[in-house]
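> A predicted structure for the sequence below; I have some questions about it.
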Amino acid sequence: MGTETSSVDISEPLLLGSQKASSTESESVPEWKDQITVRGLVVSALLGGLFCIITHKLNLTVGIIPSLNVAAGLLGFFFVKTWTGFISKLGFSPKPFTKQENTVIQTCVVACYGLAFSGGFGSSLIAMDERTYQLIGPDYPGNRAEDVKNPGLLWMMGFMFVVSFLGLFSLVPLRKVMVMDYKLTYPSGTATAMLINSFHTKTGAELAGNQVTQLGKYLSISFCWSCFKWFFSGIGDSCGFDNFPSFGLTLFKNTFYFDFSPTYVGCGLICPHIVNCSVLLGAIISWGFLWPFISEHAGDWYPAGLESNDFKGLYGYKVFISISLILGDGMYNLIKIIMITVREMLRTSSKQNNLPVVSEVVDGESSELEAEQRRRDEIFLKDRIPFWFAASGYVGLAAISIATIPIIFPPLKWYLVLCSYILAPVLAFCNSYGTGLTDWSLASTYGKIGLFVIASSVGPEGGVIAGIASCAVMMSIVSTAADLMQDFKTGYLTLSSAKSMFVSQLVGTAMGCIIAPLTFWLFWTAFDIGSPDGPYKAPYAVIMREMAILGIEGFSELPKHCLALCCVFFVAALVINLLRDVTPSKVSQYIPIPMAMAVPFYIGAYFAIDMFIGTVILFIWERVNRKDAEDYAGAVASGLICGDGIWTIPSAILSILRINPPICMYFGPSATS
């Protein structure tokens, strides 16, 4: 669960322009086996580990994951180019670095770190643990001590291996239909392909070199700053720059402060302006007005003097209003994308291949474009993945999974897993098609639907664990299926073999099944995960467990007026989304996104300040020099995020060794005489 954002906007003329550029190059395409290299797999494993750490950090803090595809392509290019340059200086002749190998590395890395997001490490897998159970309260109706399963490295790895590959096999036979027949855009996949294509031209390689320099520079700055901050962060959660009262102590109490986080500033540079502004607006509405207003009614709406994480008090409002916004946004977008999918498929059947976001362009160079198109089609179809292989792979993996999952999660019976796997390919198709049209994966929405259905059908005896586990299963399948189609689109545009794409997805997923649990275990053993007062609040764990309890118990225990407020915000999410769709683009671009607004309702306003500072920097940069901003903003943002992410490793090791920061920098009101 979480919000995965993408700032990609691909127009068809731009895409055709890139096709024209690449068609002028007469290049030989290596065989699919030559596109997968040992050096590529080593680089993929290193980058996969780094991006898993970054994804876990974001998942366990704010839940907003920016698209790191571009950073994966750029860093893959940098590492292999550095390696080949080093080998050449030693007098050896390394194999040429092709754009196909670059694409395979990017695909492998995305498949690996994708599991850190879709595997439920920041949501479903820790929604079952003792800490989340205690946070909600042993006396809370529906929250049973029997419904607790603490994270364990071996069972998490086993779970990843039995569920993560099914999504890859579910849609492989439809790759031609989705990419060639329907001509779906897959904006992120197309943007990544254009980037990789540009790297492997003379001018593009020069720009890529400059981007790598910027990335390295800001990675170093971010790492050094994070290291410097550590020395002042003391013991506990009230010390250091992370608790700097930038706007005064009164606003600090309401979480309005700049916490000097390079990661969130980097997210602000990558995420679209509207996402960052939506997050800030959500923070202002909740922590600026709503929570102070509800707090004034303590003793009337809810008992006064409750603990900060008691669901019978303000904490209950925070969690359930966040849930209502998330559900409202998710349900609207699900219905919208299903309607778009049905409409476009009906249009396809009535008008042969005149679908949906790609129109034919006829000009003086149309024959050149057609020749290039034929070449792409030929290479994409050359190395077929047989239907029998995909079908038998899916059935075999499903059989193993049906036998294994009830052992890991006893309340999730085998027949419930079987029903999920019968339905999963349909949901995976809907999600992949919707992603191709809109670039918005609704994996978490499909997961929440599975959660409610399974939790309510199992009932009070084990429904919480069954619902949460089914959410993890469904999210993994529909998310990996959409990622696979996105990568097929990238491979199609970079003249990469479909077979090499599929194999690299399999390898990347296998890496992710090991690396994602290991990197999560680093966080789990080093930091106080789930503490409402710590940096790693794991916000979606509490939200996920509450959703499962809601599916069983209903709304009986909510504080006064909480259900009415939830209904207001649920309807508001629907209305805001509707307004975004029916108003002209010059108006809708200023209408906020409810999903992004929901995140600070529960967590706090501090990260919204950081992300807004990132968006202000980008806005000014675009006004001063738009070309530079377009070329380097992604590299600068990636450097800030990666540097802070790398510091997490030494920070975790110091924590495991019980080496504490030497200084506590603390701020309080000045003494009055």
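Okay, I see it. Residues are numbered from 1 along each chain as shown.
> Tell me which helix or strand Phe520 sits in.
Using DSSP states H and E, Phe520 maps to helix 498-526.
> no, scratch that, I was asking about Ile105
With DSSP H and E as criterion, Ile105 is part of helix 99-118.
> still on that earlier bit, next, the angle from the helix holding Phe520 to helix 99-118.
40 degrees (axes from the mean of the first three to the mean of the last three Cα atoms, to 10 degrees).
> if we can go back for a sec, now for the helix holding Ile105, which elements pack on it?
Counting contacts by 3 or more Cβ pairs under 8 Å, 6 or more residues apart in numbering; DSSP states H and E, helix 99-118 is packed against helix 32-35, helix 38-61, helix 69-89, helix 187-199, helix 463-493, helix 498-526. No exception for glycine: its C-beta is placed from N, CA and C like everyone else's.
> I'd like the next helix or strand past that helix.
Following helix 99-118 in sequence, per DSSP H and E, is helix 124-127.
> list the helices and strands that following helix packs on?
Counting contacts by 3+ Cβ pairs under 8 Å, 6+ apart, helix 124-127 is packed against helix 463-493, helix 539-553.
> what comes into contact with it?
Under the contact criterion Cβ atoms under 8 Å, 6 or more residues apart in numbering, helix 124-127 has outside partners 1, 119, 132, 151, 156, 159, 447, 468-469, 471-472, 475, 529-530, 538, 540-542, 544-545, 548.
> Identify each buried residue in whichever helix or strand comes after it, please.
Following the chain from helix 124-127 toward its C-terminal end, the next helix or strand by DSSP H and E is helix 130-136. Across helix 130-136, burial judged by 16 or more other Cβ atoms under 10 Å covers 131-133, 135-136.
> show me where the stretch 251-400 of the chain has helices.
For the stretch 251-400 of the chain, helices defined by DSSP state H, counting those that start in this stretch occupy the ranges 262-270, 273-283, 291-295, 314-350, 366-382, 387-408.
> Nearest to Phe570, out of those helices?
When the helices of the stretch 251-400 of the chain are compared by Cβ to Cβ, helix 314-350 sits nearest Phe570, at 4.2 Å.
> Distance from the chain centre to the closest one, please.
Put simply, helix 314-350 sits 17 Å off its chain's centre (Cα atoms, centre = their mean, to the nearest Å).
> Stretch 273-284 too?
Averaging C-alpha positions (Cα atoms, centre = their mean) puts stretch 273-284 18 Å from its chain's average.
> Repeat that for stretch 469-481.
With Cα atoms, centre = their mean as the basis, stretch 469-481 stands 13 Å off its chain's centre.
> So for that stretch, mean pLDDT?
Averaging pLDDT along stretch 469-481 gives 91.
> ok, Ser238 touching Tyr666?
Yes. Counting by Cβ atoms under 8 Å, Ser238 touches Tyr666, with 6.2 Å between them.
> higher neighbour count, these two?
Per other Cβ atoms under 10 Å, whichever of Ser238 and Tyr666 has more neighbours is Ser238, with 15 against 12.
> show me what contacts the more buried one?
By Cβ under 8 Å, 6+ apart, Ser238 lies in contact with Tyr666.
> which sections of the stretch 501-650 of the chain are below the confidence cut-off?
For the stretch 501-650 of the chain, the stretches flagged by pLDDT under 70 are 556-557.
> where along it do the helices fall?
539-553, 562-582, 585-588, 594-603, 606-624, 626-656.
> Show me what counts as buried in the fifth one.
Buried residues in helix 606-624, counted by 16+ other Cβ under 10 Å: 606-615, 617-618, 621.
> from the chain's centre, how far out does that helix sit?
Distance, centroid of helix 606-624 to centroid of chain: 21 Å (Cα atoms, centre = their mean).
> Determine the angle, from 0 to 180 degrees, between that helix and helix 273-283.
150 degrees.
> What is helix 606-624 packed up against?
On a contact count with 3+ Cβ pairs under 8 Å, 6+ apart, helix 606-624 meets helix 262-270, helix 273-283, helix 626-656.
> ditto for the shortest one
If contacts are counted by 3+ Cβ pairs under 8 Å, 6+ apart, helix 585-588 sits against helix 562-582.
> who touches the helix it packs on?
When contacts are defined by Cβ under 8 Å, 6+ apart, helix 562-582 is touched by residues 316-317, 320-321, 323-325, 327-329, 331-333, 336, 555, 558, 588, 591-594.
> What of stretch 379-390?
Residues from elsewhere that reach stretch 379-390 (Cβ under 8 Å, 6+ apart): 29, 32, 169, 172-173, 175-176, 179-180, 491-492, 495-500, 502.
> quick revisit: quick one: the helices and strands packed on helix 99-118 as a markdown table, columns for distance to Leu269 too.
Formatted as a markdown table, the helices and strands packed on helix 99-118 follow (distance: least, Cβ to Cβ, whole Å):
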| stretch | distance to Leu269 |
| --- | --- |
| helix 32-35 | 32 |
| helix 38-61 | 14 |
| helix 69-89 | 12 |
| helix 187-199 | 16 |
| helix 463-493 | 22 |
| helix 498-526 | 24 |
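> Buried deepest among those, which one?
Neighbour counts (mean count of other Cβ atoms under 10 Å) averaged over each of the helices and strands packed on helix 99-118 peak at helix 463-493, with a mean of 29.
> Would you check that Phe320 makes contact with Glu546?
Yes. The criterion here is Cβ under 8 Å, and Phe320 meets it with Glu546 at 7.2 Å.
> quick one on the thing from earlier: by how many degrees do the helix holding Ile105 and helix 187-199 diverge?
Using the same axes, to 10 degrees: helix 99-118 against helix 187-199 is 150 degrees.
> Do me a favour and average the pLDDT over helix 99-118.
Across helix 99-118, pLDDT averages out at 93.
> Tell me what angle it forms with helix 463-493.
Interaxial angle of helix 99-118 relative to helix 463-493 (the same axes, to 10 degrees): 170 degrees.
> from here on, count from 39
In the new count, where the first residue is 39, that last one comes out as helix 137-156.
> chain center to helix 137-156, what's the gap?
Its chain's C-alpha centre and that of helix 137-156 lie 13 Å apart, by Cα atoms, centre = their mean.
> could I get it in PDB with only the CA atoms?
Taking Å, rounded to 0.1, in the frame of the first residue of the first chain, the C-alpha atoms of helix 137-156 are listed here in PDB:
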ATOM      1  CA  LYS A 137      21.000   0.200 -25.100                       C
ATOM      2  CA  GLN A 138      19.500  -3.300 -24.900                       C
ATOM      3  CA  GLU A 139      21.800  -4.200 -22.000                       C
ATOM      4  CA  ASN A 140      21.000  -0.800 -20.400                       C
ATOM      5  CA  THR A 141      17.300  -1.700 -20.700                       C
ATOM      6  CA  VAL A 142      17.800  -5.100 -19.200                       C
ATOM      7  CA  ILE A 143      19.600  -3.600 -16.200                       C
ATOM      8  CA  GLN A 144      16.800  -1.000 -15.700                       C
ATOM      9  CA  THR A 145      14.100  -3.700 -15.900                       C
ATOM     10  CA  CYS A 146      16.000  -5.900 -13.400                       C
ATOM     11  CA  VAL A 147      16.400  -3.100 -10.900                       C
ATOM     12  CA  VAL A 148      12.700  -2.000 -11.200                       C
ATOM     13  CA  ALA A 149      11.600  -5.600 -10.700                       C
ATOM     14  CA  CYS A 150      13.800  -5.900  -7.600                       C
ATOM     15  CA  TYR A 151      12.800  -2.700  -5.800                       C
ATOM     16  CA  GLY A 152       9.200  -3.000  -6.900                       C
ATOM     17  CA  LEU A 153       8.900  -5.900  -4.400                       C
ATOM     18  CA  ALA A 154       9.900  -3.600  -1.600                       C
ATOM     19  CA  PHE A 155       6.800  -1.600  -2.500                       C
ATOM     20  CA  SER A 156       4.300  -4.200  -3.600                       C
END
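> got the angle for it vs helix 76-99?
Angular relation of helix 137-156 and helix 76-99 on a 0 to 180 degree scale: 30 degrees, by the same axes, to 10 degrees.
> measure the closest residue in space to Met218 that isn't next to it in sequence to Lys221 for me?
Nearest residue to Met218, sequence neighbours excluded (Cβ to Cβ, 6 or more residues apart in numbering): Asp415, at 6.1 Å. Counting by Cβ to Cβ, to the nearest Å, the gap from Asp415 to Lys221 is 11 Å.
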